[in-house]
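Student: Okay, here's the prediction I keep looking at, along with the sequence it came from:
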Amino acid sequence: MEILKKIELLGLQISDLENFMVAIGEPKFRGKQVYKWIYHKGKSSFYEMSDLPKELRQRLDEIAKISIPRVLKQRVSADYTRKFLLELEEKKRVEAVVIPQSRDKNAQYTLCLSTQVGCPVGCSFCATGLSGYQRDLKAHEIVGQFLGAQNELAKKLKTQDKKLIKNVVYMGMGEPLLNYDEVIKSVYILNDPKGINIGQRHITISTAGEAEGIEMLARENLQVTLAVSLHACDNDLRNKLIPLNRKYPLERLIQAVERYISLTNRRVTFEYVMLEGVNTSRQDADNMIKLLKPLLVNVNLIPYNEVAGLSFKRPSPQKVAQFYKWLTAGGLNANIREEKGGDIEAACGQLRAETGRTRKRRL
Ligand code: SAH
Ligand code: SF4
């Protein structure tokens with residue numbers, strides 16, 4: 001007997017699921033029922049879908065699947081940030097992080113999602129860049145991280161509440177705008193008011209500076225927040241930190257951001273990883289003021305999270321505060337990002353695909 005590949009239902013919109021049901025000879029409304037089981041309840045087993053006839057549950061199990069990734073491992077930080085290692089198809093692994101917004105029992109969570117297995121950009125300071133690039137994630141694998149993380153979080157917190165995650169940031173492994181179509185598709189699924197219902201304004205997409213992707217995003221008419229990783233305000237240094245700068249140097253990047261702001265009227269966040277002795281001088285601050293002051297932007301200063309195998313260091317809190325003062329005195333809107341999960345390597349840029357490979361790199 002020929003073994004047919006099962007059809008993936010995760011990642012389908014209501015209308016797709018309705019069409020699927022009609023195509024297999026079922027009434028259309030079954031599509032909506034399955035949609036609710038997936039996105040409201042996070043279920044991946046058809047046998048648990050109690051409002052479907054038994055025969056249909058069995059048939060669906062034979063022809064279809066809902067691949068919510070398994071949590072292979074998790075670590076909990078002293079600040080209750082949780083890092084999940086999730087297993088996708090072909091045993092590929094990615095990490096997702098849930099970060100509580102407060103210490104109380106009813107805390108809301110931010111979820112940091114991965115968009116690629118590894119990352120092709122290879123920034124010199126980033127742990128993900130070290131683990132190499134394996135492949136892009138499909139939209140259903142991005143949404144699957146949400147459902148997998150949410151299920152696990154609810155289990156650990158012993159609650160039935162499936163609305164614990166309120167914000168989503170595309171800041172895990174990978175460069176989202178190099179996996180543009182699947183990332184945008186996943187945004188629409190996460191945002192669907194009939195499903196997971198994360199508000200667009202509660203979604204942030206971070207890019208290392210993929211200028212063409214930024215311009216495409218500007219035309220999507222979405223209310224998401226764009227975050228751009230800056231890290232240096234001269235091309236020589238930026239080339240060394242973010243190899244993508246050779247393709248899109250600062251002038252081109254700023255042009256794309258200007259277009260984004262004028263099309264969307266939305267404030268853009270610039271992220272700036274602070275690296276001791278590399279990008280924290282008075283001159284660096286002055287360069288940033290000159291570059292960003294004409295734009296509608298916020299600056300997020302991220303004290304570097306040190307990565308085993310890399311020689312970059314985090315500046316002292318005094319240096320970070322001094323740099324912040326220079327920026328705000330120069331008229332920029334800036335803040336210092338409070339780091340969470342550093343003790344379990346769940347902070348920005350500390351995620352890797354656990355291949356065990358590390359490589360020494362110097363600037
Ligand atoms: N690829 C995208 C999104 C993922 S990285 C991007 O680069 O923007 C999310 C943020 O973490 C980026 O600003 C990135 O530069 C930063 N980052 C990477 N490694 C870091 C580290 N070790 N410490 C602090 N921030 C880091
Ligand atoms: Fe990729 Fe972002 Fe890490 Fe650079 S900082 S290697 S773009 S994940």
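Tutor: Great, that's in hand. Ligands and ions are numbered 1, 2, ... in the order given.

Student: okay, CA-based contacts and neighbour counts for the rest of this
Tutor: Will do.

Student: Would you map the helices across this protein?
Tutor: Applying DSSP state H to the chain gives helices spanning 14-23, 29-39, 54-63, 127-130, 139-156, 180-191, 211-218, 235-241, 250-264, 282-292, 317-329.

Student: is stretch 222-238 anywhere near ligand 1?
Tutor: Yes - Stretch 222-238 is in contact with ligand 1 by CA under 6 Å from any ligand atom, via 228-229.

Student: Return the distance of that stretch from the chain's centre.
Tutor: The chain centroid and the centroid of stretch 222-238 are separated by 16 Å under CA atoms, centre = their mean, to the nearest Å.

Student: how near is the residue in the stretch 1-150 of the chain that ligand 1 sits nearest to to R57?
Tutor: Proximity of the stretch 1-150 of the chain to ligand 1 (CA to the nearest ligand atom) peaks at C126, 3.8 Å away. With the distance defined as CA to CA, to the nearest Å, C126 ends up 45 Å from R57.

Student: Between the two, which is the more surrounded one?
Tutor: Set side by side, C126 and R57 show unequal neighbour counts under other CA atoms under 10 Å, the larger going to C126 at 25 against 17.

Student: gap between the more buried one and Q58?
Tutor: 46 Å.

Student: what does R246 give?
Tutor: 54 Å.

Student: swap in R82?
Tutor: To Q58, R82 is 35 Å away according to CA to CA.

Student: What of K91?
Tutor: 26 Å.

Student: between the two, who's got more neighbours?
Tutor: Set K91 next to Q58 and count neighbours by other CA under 10 Å: Q58 wins out with 13 against 8.

Student: From what I see, that one and F46 are in contact.
Tutor: Yes - Q58 is within contact range of F46, at 7.4 Å (criterion: CA atoms under 8 Å).

Student: got CSV for the helices of the chain, with mean pLDDT too?
Tutor: As requested, the helices of the chain are arranged in CSV below (pLDDT from 0 to 100):
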stretch, mean pLDDT
helix 14-23, 97
helix 29-39, 97
helix 54-63, 97
helix 127-130, 84
helix 139-156, 94
helix 180-191, 98
helix 211-218, 98
helix 235-241, 98
helix 250-264, 97
helix 282-292, 98
helix 317-329, 98
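
Student: On the pLDDT front, check G132 for me.
Tutor: Per-residue pLDDT puts G132 at 89.

Student: likewise A346?
Tutor: pLDDT recorded at A346 is 64.

Student: Contacts for stretch 94-105 next, please.
Tutor: 79-88, 107-114, 116-117, 145, 149, 172-173, 340-341, 346, 351-353 (CA atoms under 8 Å, 6 or more residues apart in numbering).

Student: From these, list just the buried residues.
Tutor: 79-88, 108-114, 116-117, 145, 149, 172-173, 340-341, 346, 351-353 (16 or more other CA atoms under 10 Å).

Student: Report the contact partners of K28.
Tutor: Contacts of K28 (CA under 8 Å, 6+ apart): 18-19, 21-22.

Student: Which among these count as buried?
Tutor: The buried subset of the contacts of K28 (16+ other CA under 10 Å) comprises 18-19, 21.

Student: Same list (these) but as a markdown table, adding distance to R238.
Tutor: Converted to a markdown table, the buried ones among the contacts of K28 look like this (distance: CA to CA, whole Å):
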| residue | distance to R238 |
| --- | --- |
| E18 | 49 |
| N19 | 48 |
| M21 | 51 |
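
Student: Same list, these, but only the ones touching ligand 1.
Tutor: For ligand 1, no contacts are drawn from the buried ones among the contacts of K28 by CA under 6 Å from any ligand atom.

Student: and which of the residues you listed is nearest to A329?
Tutor: Using CA to CA, E18 is the member of the buried ones among the contacts of K28 that lies nearest A329, at 56.6 Å.

Student: Counting neighbours, what do you get for whatever residue of the stretch 151-300 of the chain ends up closest to ligand 2?
Tutor: Ranked by CA to the nearest ligand atom, the top residue of the stretch 151-300 of the chain for proximity to ligand 2 is G174, at 4.3 Å. The tally of other residues near G174 (other CA under 10 Å) stands at 33.

Student: ok, so what distance separates the closest residue to D192 other than its chain neighbours from S50?
Tutor: Residue nearest to D192 in three dimensions, not counting chain neighbours: I198, with 7.4 Å by CA to CA, 6 or more residues apart in numbering. From I198 across to S50, the span is 26 Å (CA to CA).

Student: Look at the two and report which has more neighbours.
Tutor: I198 (20 against 11).

Student: who's in contact with the more buried one?
Tutor: Taking CA under 8 Å, 6+ apart as the criterion, I198 is in contact with 166-168, 190-192.

Student: can you tell me how far the residue nearest the centre of the chain sits from N239?
Tutor: The chain has Y170 as the residue nearest its centroid, 1.9 Å off, counting by CA atoms, centre = their mean. Y170 sits 23 Å away from N239, going by CA to CA.

Student: And for Q145?
Tutor: 32 Å.

Student: next one: E90
Tutor: E90 is 34 Å from N239, by CA to CA.

Student: neighbour-wise, which of these two wins?
Tutor: When E90 and N239 are compared for neighbours, N239 comes out ahead with 19 against 6, by other CA under 10 Å.
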